[in-house]
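Trainee: sequence? don't have it. structure:
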């Protein structure tokens, strides 16, 4: 079984790529953070990345680990991976807590990680994604830094139509 991460700053086309892969019959895992944000907003909680990043990260981590463990035979595609949590912590000058560091080391993914670059033409905000385009650029930088630090090979997904982006990924594995 292969666990393949598609990462990148918010609003760079990751979800569209994952939806296209799912439509082709591949095993896919949605972005955990977005689901947590929706739940916490509905509850009126402050466990949100822009209010309480540490608590938010500690809520996301076990669900990321759970998704890692749910991989099936064949190709499994993830909308973000465990190291993404560390990139967000780092971007916000927050510590990478021990549980997170252990999880990054213990729950490895395929050596090739696909990263969607910031793409101003498709960038937009919504209720779960409040970052400006400039903040997205910083997130991209920290994602690259974290994945490289942990020994992954980053492959930048070209700015193409989603079908072509999917073909790039499948040919690169």
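Mentor: Perfect, I can see it now. What you see is a predicted model, and the numbers here were worked out from it, not measured in a lab.
Trainee: For the chain, just list every one of the helices.
Mentor: Remark: helices assigned in the chain by DSSP state H are 14-23, 32-43, 53-69, 82-91, 98-106, 133-149, 162-172.
Trainee: Report all helices and strands that the second one contacts.
Mentor: To tie it back to what came earlier, the one meant is helix 32-43. The contact analysis (3 or more Cβ pairs under 8 Å, 6 or more residues apart in numbering; DSSP states H and E) places helix 32-43 against helix 53-69. Quick note: C-beta positions are derived from backbone N, CA and C, even for glycine.
Trainee: The helix it packs on - contacts with which helices or strands?
Mentor: Judged by 3+ Cβ pairs under 8 Å, 6+ apart, helix 53-69 is in contact with helix 32-43, helix 82-91, helix 98-106.
Trainee: mind listing what's buried in it?
Mentor: Using 16 or more other Cβ atoms under 10 Å as the test for burial, helix 53-69 gives 53, 56-57, 59-61, 64-65, 67-68.
Trainee: Flag the shaky bits of this structure, pLDDT-wise.
Mentor: Applying pLDDT under 70 to the chain flags the ranges 123-130.
Trainee: ok, back up a step: Throw the buried residues of helix 53-69 into TSV and include distance to residue 152, thanks.
Mentor: Shown next, in TSV, are the buried residues of helix 53-69 (distance: Cβ to Cβ, whole Å):
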residue	distance to residue 152
53	23
56	23
57	19
59	24
60	19
61	18
64	15
65	17
67	17
68	14
